[in-house]
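J.: Pasted the sequence and its predicted model underneath.
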Amino acid sequence: MQENLEKTLSQLVSIPSVSSNSAACHEILKLVRGKFDGLNLYIHENCDTPNPWFLATTQNTMTPDILLLAHLDVVPASPEMFTIQKTDGRLYGRGSYDMKFAAACYLEFIKNHADKLSNLNIGFLITTDEEIGGACIADVFALGLRPKVAFIPDGGGDWKIEERAKGLLGIEFIANGKSAHGSRPWEGENALHRLMDALQMLRNAYPLTSSDDSTLTINTLNAGNAINQIADYAVATADFRTFSLDELNLCRSLAAQIAEEYSLEFTISHEGYPLLLDKNSPYVTPFLDAYRKQRGGEPEYVESYGATDGRHFAEYDIPCIITEPYGHGRHADEEWLLAEDLGNYYKLIERWLLPQQSL
């Protein structure tokens, strides 16, 4: 099993499926999609897009009990990182940890248990656009996808389980003014000054005191064309994060109010709901039971300040189990996964999905 898992992972890593490399994204999805052929599964897919995806379910339903996710796209890396290197018990390579290992586990599971799939009510959602926002998830939800629980091996870290994750808003403000010579500001209307005043009001509402707080950061600002010319146009973007859905809605309202007060154009470029894991949910407790048996103890829970595909499921109150094995270097030059944990993670999935077999 371990040898097969490492071989599959090596094959997946060898395809440079950077999100912007449409040809490679199609190549890797075709490879993985082919492993599902002949299993009498129900397939929904979209390959007529730069970043293709497919959904496979064991039953003819869009409401499987369990949905297992994996994204096959990765961030850019040097060419040598697309060849797995096993050193000191670690599997080095782009995507080894984030998160092609999950796809390798899923492929091993459907191969080893092809005869049992018809008795399960599970689904597999494989995508190639997570690193650039995961827009395809909305398309799949539009088809009616509503699993009882989603399994996302893309966070937590070191076998910890995400108990909650912050939601987010991407905010854009645009100010329009009137140009004039820098020496005669009374003849113009400085768009940048007005925008800066508005941004300060928004910042004042969210002073940073701890990591648990709602946070707001101004991360881009563009304005003006010359040092001696009044800026007639200015645009800024802000990133808001919070554990509270109420705070998310309040920030949206506040931003709209400030935009109106300062005569700004205002848009929400992207958003995601906060995530809270209900550990007593009947759809979550079987996984926690399998975890305890596999790991030999209680799980450790963590918070996440970033976002995963889980934010899409939170919008529909679908529980998300987010955990991953031991590794390091997500998006870094030395990304690696502990080799033995590849097998251990597979065993956890197997114990969860086939509890009777794992007794």
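T.: Done, it's in. Residues are numbered from 1 along each chain as shown.

J.: Nearest residue to E298 in space, please, no chain neighbours.
T.: Using C-beta to C-beta, 6 or more residues apart in numbering and skipping the chain neighbours, the partner closest in space to E298 is R292 (6.5 Å). From N, CA and C alone the C-beta is placed, and that goes for glycine too.

J.: quick one: the one you found is in a helix?
T.: Yes - under DSSP: H, G, I helix; E, B strand; the rest coil, R292 falls within a helix.

J.: what number of residues lie near it?
T.: 12 (other C-beta atoms under 10 Å).

J.: Next one: it from A103, what distance?
T.: 26 Å (C-beta to C-beta, to the nearest Å).

J.: Over to R184?
T.: Taking C-beta to C-beta as the measure, R184 and A103 are separated by 62 Å.

J.: who has more neighbours, the two?
T.: A103 (25 against 9).

J.: Could you grab the helix/strand/coil label for the more buried one?
T.: helix.

J.: May I ask which helix or strand of this structure has the lowest mean pLDDT?
T.: The weakest-scoring helix or strand in the chain, judged by mean pLDDT, DSSP states H and E, is helix 310-314 (a mean of 90).

J.: Counting by contacts, list what that helix packs against.
T.: With contacts taken as 3 or more C-beta pairs under 8 Å, 6 or more residues apart in numbering; DSSP states H and E, helix 310-314 sits against helix 136-142, strand 149-152, strand 161-165, strand 167-176, strand 265-272, strand 275-276, strand 320-322.

J.: What lies in contact with it?
T.: 134, 137-138, 141, 147, 150, 152, 155, 162, 165, 167-168, 272-276, 319-320, 322 (C-beta atoms under 8 Å, 6 or more residues apart in numbering).

J.: Among those, the buried ones, what's the ChimeraX command?
T.: For the buried members of those, the matching ChimeraX selection, counting by 16 or more other C-beta atoms under 10 Å, is:
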select :134,137,141,147,150,152,155,162,165,167,168,272,273,274,275,276,319,320,322
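
J.: just to revisit the earlier point, in a markdown table: the helices and strands packed on helix 310-314, plus mean pLDDT and distance to G188.
T.: Formatted as a markdown table, these follow (pLDDT from 0 to 100; distance: least, C-beta to C-beta, whole Å):
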| stretch | mean pLDDT | distance to G188 |
| --- | --- | --- |
| helix 136-142 | 94 | 42 |
| strand 149-152 | 98 | 51 |
| strand 161-165 | 96 | 45 |
| strand 167-176 | 98 | 12 |
| strand 265-272 | 95 | 19 |
| strand 275-276 | 94 | 46 |
| strand 320-322 | 97 | 51 |
